[in-house]
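Asks: Structure of the sequence below:
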Amino acid sequence: MLATIGLFVAVGSWNAWFDTMIYNSGNVKLHTLQYKLMEYLQSSQNQGRSAADAGSMALAAAGGRGSGFITPISIRASITVVAAAPILLVYPFMQRYFVVGLNVGGVKE
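Replies: So this is what the prediction gives:
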């Protein structure tokens, strides 16, 4: 039970970018990885919106094929992989505690 609660707290803390935005927005040296990834995603989405008309014109000119630019969806997917990597590295070490907890709770006498 404690391992599960600890994992949930760790994941919640790891994914918290809003606290950094509120408390450390003025100090660039104290920004977290999640906050930087969120900023990068927002800037790419804003650029994607402003270039949407130009991109649709380029797509039409290319005959319906992609013109090779990076979309906000691909950036979001890569950010998800970067954000999940440390959690995926820690989980195998925590897995034995989950298995023990399932075995203790699942055995009926």
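Asks: which residues of the protein fall in helices?
Replies: Per DSSP state H, the chain carries helices over the ranges 2-14, 18-23, 33-50, 52-61, 72-106.
Asks: List the contacts of V11.
Replies: By Cβ atoms under 8 Å, 6 or more residues apart in numbering, the contact list for V11 reads I87. All C-beta atoms are positioned from the backbone trio N, CA, C, and that covers glycine.
Asks: Distance-wise, check it relative to P86.
Replies: Going from V11 to P86 by Cβ to Cβ, to the nearest Å gives 10 Å.
Asks: got it, and A3?
Replies: Distance of A3 to P86, given as Cβ to Cβ: 17 Å.
Asks: V9 too?
Replies: Counting by Cβ to Cβ - V9 and P86 are separated by 14 Å.
Asks: ok, those two, which is more surrounded?
Replies: Remark: of V9 and P86, P86 carries more neighbours, 13 against 10, as counted by other Cβ atoms under 10 Å.
Asks: thought that one was touching W14?
Replies: Yes. Between P86 and W14 there is a contact under Cβ atoms under 8 Å: 6.7 Å.
Asks: Convert the C-alpha atoms of stretch 74-82 to CSV, please.
Replies: Provided in CSV are the C-alpha atoms of stretch 74-82 (Å, rounded to 0.1, in the frame of the first residue of the first chain):
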residue,chain,number,x,y,z
SER,A,74,4.3,14.9,-32.9
ILE,A,75,5.9,17.2,-30.4
ARG,A,76,3.3,16.2,-27.8
ALA,A,77,4.1,12.5,-28.5
SER,A,78,7.8,13.1,-28.0
ILE,A,79,7.2,15.1,-24.8
THR,A,80,5.1,12.2,-23.5
VAL,A,81,8.0,9.8,-24.1
VAL,A,82,10.5,12.1,-22.4
